[in-house]
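Chemist: Just the structure for this:
(one chain, ligands or ions: 1)
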Amino acid sequence: MNGNDIIALGLGIERPWEITGQSLKTECTPHELRITLAAPRGSSFPCPECGALCKAHDFKEMTWRHLNFFQHHCYITADVPRIKCNDHGVKRINVPWARKGSKFTLLFEQAALMLVREMPVLAAARIIQIADKKLWRIVSHYVSKSLAKLDLTELKAIGLDETSAKKRHNYVTVFIDLDQQKNPVVFAVPGKGKDTIRQFKRFLTEHGGTADNILEVTCDMSRPFLSGIRKHFSKAEITVDWFHVVQIFTKAVNKVRVLEAKKKRLPKATRWAVLKNEESTTLSENERHALAELNSMDFFTAIAWRVKERLRWVRKAATPQAAKWRLSNFLLCMAETDLTRSPVLKPIISAIETVIRHRQAIESRWQSGHSNARLEGLNSIFQAAKARARGYRNPQTFISMIYLLASPVGNLLKST
Ligand SMILES: [Zn+2]
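Modeler: Numbering: from 1, shown residues only. Below is the predicted model of the structure:
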């Protein structure tokens, strides 16, 4: 075995292709190892359509970037023929070391994908010395190729949530399979609201699933989502994720605090204290004092905070009956509390009204066989995907990363 044979083996090239030359170009930095491939004159090549062996019609010189050879960049150059097939006419053949249309060898792309699974794309691009835009193109090619193989025949229960690729911009809606603990993401699409539900339905149908099989949908309380689900997934029971109920009240408490702070001085450390509960282990000494002072002086912020805390009591209900009873009791209690006495309390009133509007969907979480913290878990996936797409983040790159990190696509890729 000579040097050419070893390189040929590494490249995965086969007859009629062989290495006809290699040289190290030292006038550029980094130096470039140039490998030339050729097929002997008169060789036959398979037609890309039917595989029939045909003679070459004409040639074009093409070049691909290959894995670095130590610190040197490595390029492969070959005269690639067009063949003349009796059935398909003149066609450019596919070379065994690269996919059609790519300027990189398959081995280069595989190495790139391996890195991208482990680190931010920007860092991976730096290591293999390629423009990050080009690396993104490779990533999105393989992600969509694997995505095409996704089988959703068995999908019965989904959760969905929205996030943004950039702060309050470029929304992306993500759908998960509630029955999958690992790699739950099945679909991600730019935008938020009703149309994302329609697009998911189409995707589901294209991947073997049916809308009528979907019996449960977990989501937040946004009207567009809810009406989209009722329209496109009419058999599904809608469950509002508890995480979103809490989120609404946390935001409301915060708004009350901001309104009240405009009128009078609130105790130090109030801001973070009211986001926590009394038993929270992360409560600092200052925050503990703030809560005590707020409660003893009857600030509006304290009233709002107590409403949020009562809601935690509802959450702890062990059975559907207990939950129903606790929620009724909570609402009754709220009706008796005079929350209308100051406009400062308005945010908390509208949070309570939201609960009333979605009462049934909130209660149905106690009937659901699925864990209730699933959408909350999505948040960490979003954060990881954002970090990986740092430096070049738009809805498409963000979505590619979500698929790569949290959908079965990551595994499918390993088998390509
Ligand atoms: Zn043919």
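
Chemist: excluding its backbone neighbours, what's nearest Leu404?
Modeler: Gly410 (5.5 Å; CB to CB, 6 or more residues apart in numbering). The C-beta positions use only the backbone N, C-alpha and C, and glycine is treated the same way.

Chemist: where does that neighbour land in three-state SS?
Modeler: What DSSP: H, G, I helix; E, B strand; the rest coil gives for Gly410 is helix.

Chemist: To what extent is it buried, counted in neighbours?
Modeler: 18 (other CB atoms under 10 Å).

Chemist: Report the separation between it and Val143.
Modeler: In this structure, Gly410 and Val143 are 9 Å apart, going by CB to CB, to the nearest Å.

Chemist: For the two, list the residues in contact with both.
Modeler: 403-404 (CB atoms under 8 Å, 6 or more residues apart in numbering).

Chemist: So which residues of the stretch 51-200 of the chain form strands?
Modeler: 53-69, 72-85, 89-92, 157-166, 169-177, 185-190 (DSSP state E, counting those that start in this stretch).

Chemist: Quick check: which of the ones you listed is buried the most?
Modeler: strand 185-190 (a mean of 23; mean count of other CB atoms under 10 Å).

Chemist: List the neighbouring strands of it plus their orientation.
Modeler: Within its sheet, and counting by DSSP bridges, strand 185-190 is paired with strand 169-177 (antiparallel).

Chemist: Which residues are in contact with the residue nearest to Leu404?
Modeler: Gly410 touches 117, 183, 403-404, counting by CB under 8 Å, 6+ apart.

Chemist: and these, which two are the farthest apart?
Modeler: Within these, two members stand farthest from each other by CB to CB: Arg117 and Asn183, at 12.4 Å.

Chemist: neighbour count winner among these two?
Modeler: Using other CB under 10 Å as the criterion, Arg117 and Asn183 rank with Asn183 on top: 18 against 14.

Chemist: Which residue ranges make up each domain of the chain?
Modeler: 3-103, 242-366 (automatic domain parsing).

Chemist: Among the ones you listed, which comes closest to the ion?
Modeler: Nearest to the ion, of all the domains of the chain, is domain 3-103, at 3.2 Å by CB to the ion.

Chemist: hang on, the earlier thing: ok, so of the contacts of Gly410, who is nearest Trp325?
Modeler: Closest to Trp325, out of all of the contacts of Gly410 and judged by CB to CB, is Asn183, at 38.2 Å.

Chemist: how about that closest one, phi and psi?
Modeler: Here is the backbone geometry of Asn183 (degrees, to the nearest 10): phi 50, psi 60.

Chemist: Cool, thanks, signing off.
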